[in-house]
Structures are given as C-alpha cells and as structure tokens.
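K.L.:
prediction below, plus the sequence it came from.
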Amino acid sequence: MRRILIAVVIILVAWIALKNTAYSSFLGEADSSPDAPDYYYSEAWLDRPETPPPGGWETPWGVDVFVIAPPVSDPAPKGLLAADTPSLTDEYQRFMSGLQSQDANWTVYAPAFRSPSPASTGATRKASLAAAMDDVSLGFKRYLSADNRDRGLLILVAPGSEAMLEPVLSQLRSTDSFRQRFAGIILPATATADGVDEITGSCSPAFDSCILRTSMEAKPNVLRYVLPSLPRPKMNYTADEDFPAEVDARMQALSSWLDENAAKPAEPFDTWAADEVVDVAPIRRPNQEEDISGERGN
C-alpha cells in the first residue's frame, strides 16, 4: 500500500511539473507572420459604431469610450496571432461581459490587434507585444483623425493591456479644446499608475483626477493548478455591479461640463453638404440648346 501511495505522489508531482511544458509543446508554434490590420476597414475593429454618432457640435455633447482590449488568453500556438483571429474577438466579448456592460449605452471604439500568444515567453512574447502596441497605436491614430468628431473621450484599459497604454497616451493632442474633452483613463484595480500621470498630462476640469481606478480585474482559472495551462492562463474578467454606473457618471459629468463651459465646434461642411440640394443653372454651349450641366456628374 505504501509503495502505491509513493508511486501516486511521484506521478502527481511529475504531472504538475511537466504538464504545462508538454501542453505548450503540443500546441506548437505559429507558422506565419500576420500582417498589421488596416483600420480603414470595419473588420479591423472589435467594436465600432456602424454609423457615425452625433459630433461635438450637437447637444448633449457625446462621449466615446476607447477600449484597449485584452490580449488572447485562450490556448494558441506560440508566436504572433493575427488581428482577425476568433480568439481575440472571444476574449474581448468575455471581457466586456465581465464588466456587466451589456445594457450600457456606450459609444465604443476597440481596435483589433496582432496579439501575443499565451504560450509565448521571453523574447518571443516581447516582440509580439511590441507588434500589438504598434497596432493599437495606429488604431488610436485612426480614431482621432477620422472618428472622434470633436466628441469627448474616455480611455478604458483592460487587465493585461497596460503595456499598450503608453503609445496611445503619446498621441493625445495638447490643445486646450482637446484636453477639455478628455475624461481620462479607467485602469484595472491591480494596475500600477507609476508614471501614467506624467504621460497623460491634463484632462477636463470636470475631474479632480485623470485616472479612475475601478474594481475591474482579471482572474485565472483555478483549475490551472491541476489541468494543463500556459504561461498566460485563460482569464476570467470581473467588475463590481456598479462599474457601468461609474463609467456612465464619468461620461455624464464630462458631457454636462462641456455643454455648460466649452465653446461648441463648428460643424464640418462635409457632414451636411451631401444632404443639401443645390440647383444649378442650365449650362449650354454657344448656339446650342442642350443643357450640359450634368455631363460630368451632379
């Protein structure tokens, strides 16, 4: 009986020691280097409105939530995962569901990105993370240039995505009008804010602090101790039930402050020109009756 018990203990110790290495080897390595996403296309976004929301020239002043989504934690081969991998979409949806935001009326922009594999470690994961940072930075640049439309902005950082925040913050505009529209950053409960204030700069006078620390967090599956796992185990995302209300309150505070204190931007010409009907006087060649005003398009 004693020998059997010793054998069982040895087997358990060996299983715990080797299960993760064996599992990682079984998954193998990615055999391709995926291209960076093109954020002109809707397929390159995990979340983006189908139609442009009202611009900052409307009342009430709208506020966007730019989400830096979590990297993939579902099992995957070592290497760099493509931005359109279903695992990244699943991770993002699991994250948003954990925030209990299904019923929230937020205007969300969340760029997809090439994600580090949860099986990657060391230099491989570092290089993959650098690619993810580049992608999210380009996604934010596209958002600012094409999608912001003078609306307010709140940045939400998912647990595990803190490294991707700095390249986003480096692109924040320094103009007074933009800073008045900036509602700051929502950080996970466990994130360190060292140096973030300096990089972030100022935000709207509506707030005492540009950083809102919340109950948002990620917890690995407890079964990872007995089941095969990877260097980055599968994450479950949670937040207190009042988390959506905290975000809503932040957005409402910014919107109200802007409506009461900020100068309304002028509506760009191209937002309404297409809806205007312009009558054009007939254009005729000399000595002819034919109207040629529409020959090159209306």
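P.N.:
The structure has been received and is ready for your questions.

K.L.:
C-alpha from now on. contacts and neighbour counts both.
P.N.:
Fine.

K.L.:
next, residue 105: secondary structure please.
P.N.:
Under DSSP: H, G, I helix; E, B strand; the rest coil, residue 105 falls in the coil class.

K.L.:
where does it land on pLDDT?
P.N.:
On the pLDDT scale, residue 105 is placed at 92.

K.L.:
please report how far it lies from residue 85.
P.N.:
Counting by C-alpha to C-alpha, to the nearest Å, the separation of residue 105 from residue 85 is 27 Å.

K.L.:
out of the two, which sits in the more crowded spot?
P.N.:
The residue with more neighbours, out of residue 105 and residue 85, is residue 85; 14 against 9, by other C-alpha atoms under 10 Å.

K.L.:
I'd like to know how many residues surround residue 234.
P.N.:
Residue 234 is flanked by 19 other residues according to other C-alpha under 10 Å.

K.L.:
oops, could you answer that again for residue 187 instead?
P.N.:
24.

K.L.:
please apply the same query to residue 219.
P.N.:
12.

K.L.:
now do the same for it: its pLDDT.
P.N.:
At residue 219, the model reports a pLDDT of 87.

K.L.:
please identify which helix or strand holds it.
P.N.:
Taking DSSP states H and E as the definition, residue 219 sits inside strand 217-220.

K.L.:
by contact count, what packs against that strand?
P.N.:
Here strand 217-220 touches strand 235-238, going by 3 or more C-alpha pairs under 8 Å, 6 or more residues apart in numbering; DSSP states H and E.

K.L.:
contact partners of the strand it packs on?
P.N.:
For strand 235-238, contacts defined as C-alpha atoms under 8 Å, 6 or more residues apart in numbering pick out 73, 94-95, 97-99, 215-221.

K.L.:
can you list these in JSON lines and add distance to residue 54?
P.N.:
Formatted as JSON lines, these follow (distance: C-alpha to C-alpha, whole Å):
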{"residue": "73", "distance to residue 54": "35"}
{"residue": "94", "distance to residue 54": "28"}
{"residue": "95", "distance to residue 54": "27"}
{"residue": "97", "distance to residue 54": "26"}
{"residue": "98", "distance to residue 54": "28"}
{"residue": "99", "distance to residue 54": "25"}
{"residue": "215", "distance to residue 54": "30"}
{"residue": "216", "distance to residue 54": "29"}
{"residue": "217", "distance to residue 54": "32"}
{"residue": "218", "distance to residue 54": "34"}
{"residue": "219", "distance to residue 54": "37"}
{"residue": "220", "distance to residue 54": "39"}
{"residue": "221", "distance to residue 54": "41"}
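
K.L.:
and the furthest pair within those?
P.N.:
Within the contacts of strand 235-238, two members stand farthest from each other by C-alpha to C-alpha: 73 and 215, at 20.4 Å.

K.L.:
between those two, point out the one with more neighbours.
P.N.:
More neighbours surround residue 73 than the other of residue 73 and residue 215, with 24 against 16 (other C-alpha under 10 Å).

K.L.:
got a list of what the more buried one touches?
P.N.:
So residue 73 contacts 91, 117-118, 232-235 (C-alpha under 8 Å, 6+ apart).

K.L.:
between those residues, which has the most around it?
P.N.:
For those, counting by other C-alpha under 10 Å, the largest number of neighbours falls to residue 117: 28 neighbours.

K.L.:
who's in contact with it?
P.N.:
Shown in contact with residue 117 (C-alpha under 8 Å, 6+ apart): 72-73, 75-81, 125, 128.

K.L.:
tally of neighbours for residue 146?
P.N.:
The burial count for residue 146: 11, using other C-alpha under 10 Å.

K.L.:
got phi/psi on it?
P.N.:
Phi and psi for residue 146, reported as degrees, to the nearest 10, are phi -120, psi -20.

K.L.:
which residues touch the helix or strand encompassing residue 123?
P.N.:
Counting by DSSP H and E, the element that carries residue 123 is helix 122-142. The contact list for helix 122-142, computed with C-alpha under 8 Å, 6+ apart, reads 36-37, 39-40, 68, 79-80, 111-117, 163-164, 167-168, 171.
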